[in-house]
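Undergrad: Sequence and predicted model, in that order:
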Amino acid sequence: MTPPAAAPTASRGRFITFEGGEGSGKSTQIKRLADRLNAAKLPTIVTREPGGSAGAEIIRHVVLSGMGKMLGPEAESLLFAAARDDHVSQLVAPALAQGTWVLCDRFADSTRVYQGEVGKVDPKLIRALERVTIGDLKPDLTLILDVPVAVGLKRAVARRGAAAADRFEGEGLSFHEKLREAYLKIARDEPKRCAVIDADADPDTVAARIWTALRDHLFTVAIPRETTRA
Ligand code: Z5A
């Protein structure tokens with residue numbers, strides 16, 4: 001272990017968010033990364049948005065049922081914001097303060113992309129909600145898992161089987177293409193925080209790409225040498 005100048009403080013955990021379109025493999029990869037970090041003796045938890053805390057999970061149910069859509073894009077944004085507010089205050093901030101690494105399946109970029117870029121909610125409202133809900137709690141690293149839309153949708157359909165599509169799964173192809181472009185734009189605008197991962201590969205290959213991005217962006221300081229194999 002070589003502690004460089006930019007080593008994380010001993011007291012605060014690292015906050016890593018996973019973003020991407022439908023079926024990009026976030027849930028699969030977040031579990032793998034958590035296992036690897038925990039094996040490296042870095043206490044790590046996995047959480048998700050919307051959800052992750054008791055109040056936010058209730059809102060998740062409302063939003064994914066499609067009821068939020070009926071209220072319109074602004075009100076739907078408020079629901080995501082209310083869920084995030086609860087999640088951050090109840091789980092994310094306390095865990096980071098205790099030195100735990102937090103891996104979160106979707107976060108504020110999802111609101112920027114789904115409600116902002118694609119839903120056409122006024123960027124001023126999106127920024128105001130972000131300020132209120134997360135303040136300075138920016139992710140240390142955001143991994144944007146990128147797959148061609150057709151690949152992601154095929155995976156999602158195969159996983160769903162006979163079950164009905166949820167609120168967002170039911171949207172058309174152009175909706176998902178816009179999502180993909182919006183994520184790539186965020187990555188171009190914030191290259192220090194974001195890493196685009198080519199996720200159109202087998203899970204082992206994608207996991208190795210994620211590990212490399214982690215080392216490139218967060219330094220090797222907290223990751224023992226023996227765990228850096230692909
Ligand atoms: N939303 C929003 O609008 N605004 C917000 O602020 C927030 C969220 C926070 C939450 O959906 C929805 O809320 C989301 C955005 C919106 N809408 N959508 N769509 P969710 O939590 O129910 O689901 P999701 O976040 O979209 O993830 P997902 O579609 O469930 O997919 P995933 O987590 O990215 O992928 P996965 O579950 O790991 O993999 C999908 C399938 O592919 C599965 O069968 C895997 O075994 C398989 N898979 C995974 N990786 C591979 C590889 N590498 N090769 C082949 N097959 C693979």
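TA: Happy to help now that I have it.
Undergrad: CA only for contacts and neighbour counts going forward, please
TA: OK.
Undergrad: Which parts of this structure are strands?
TA: Listed in chain order, the strands found in the chain under DSSP state E are 15-20, 44-48, 101-105, 141-146, 194-198.
Undergrad: Tell me which other helices or strands the last one touches.
TA: Yep, that's strand 194-198 we're talking about. Judged by 3 or more CA pairs under 8 Å, 6 or more residues apart in numbering; DSSP states H and E, strand 194-198 is in contact with strand 141-146, helix 173-189, helix 203-218.
Undergrad: Figure out which of those is closest to R159.
TA: helix 203-218 (15.2 Å; CA to CA).
Undergrad: check contacts around the closest residue to S24 other than its chain neighbours.
TA: Among residues not flanking S24 along the chain, G152 sits closest, at 5.3 Å (CA to CA, 6 or more residues apart in numbering). By CA atoms under 8 Å, 6 or more residues apart in numbering, G152 lies in contact with 21-24.
Undergrad: Tell me how far G152 lies from A201.
TA: Per CA to CA, to the nearest Å, G152 is found 11 Å from A201.
Undergrad: Do the least confident helix or strand in the chain by mean pLDDT and the ligand come into contact?
TA: One helix or strand of the chain scores below all others by mean pLDDT, DSSP states H and E: helix 67-71, with a mean of 86. No. Against the ligand, helix 67-71 shows no contacts by CA under 6 Å from any ligand atom, the least distance being 9.9 Å.
Undergrad: Run a quick neighbour tally on G99.
TA: Neighbour count for G99, taken as other CA atoms under 10 Å: 17.
Undergrad: Go ahead and confirm it touches K41.
TA: No. Applying CA atoms under 8 Å as the test, G99 and K41 come out as separate, 11.8 Å apart.
Undergrad: Show me what from this protein comes close to the ligand.
TA: The chain comes close to the ligand at residues 22-28, 49-50, 80, 106-108, 110-111, 114-115, 155-156, 159, 168-169, 201-203, as judged by CA under 6 Å from any ligand atom.
Undergrad: Just the buried ones out of those residues, please.
TA: Among the residues of the chain next to the ligand, the ones that count as buried by 16 or more other CA atoms under 10 Å are 22-27, 49-50, 80, 106-108, 110-111, 114-115, 156, 168-169.
Undergrad: Could you tell me which of these are located in helices?
TA: Of these, the ones assigned to helices by DSSP state H are 26-27, 80, 108, 110, 156.
Undergrad: Now pLDDT too, for those residues, in TSV please.
TA: Output for these, formatted as TSV (pLDDT from 0 to 100):
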residue	pLDDT
K26	98
S27	97
F80	98
A108	98
S110	98
A156	89
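Undergrad: would you turn the residues you listed into a markdown table with distance to V132?
TA: Formatted as a markdown table, these follow (distance: CA to CA, whole Å):
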| residue | distance to V132 |
| --- | --- |
| K26 | 26 |
| S27 | 27 |
| F80 | 12 |
| A108 | 12 |
| S110 | 16 |
| A156 | 33 |
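Undergrad: Please tell me how far A156 sits from G68.
TA: 22 Å.
Undergrad: Next: L137.
TA: 26 Å.
Undergrad: Report the buried residues of the least confident helix or strand of the chain.
TA: Of all the residues in helix 67-71, those buried under the rule 16+ other CA under 10 Å are 68-69.
Undergrad: so where's this structure shaky on pLDDT?
TA: 1-10, 167, 220-230 (pLDDT under 70).
Undergrad: A40 and D122: what is the separation?
TA: From A40 to D122 the distance is 43 Å (CA to CA).
Undergrad: what about those two, which has more around it?
TA: The neighbour comparison of A40 against D122 (other CA under 10 Å) goes to A40, with 17 against 13.
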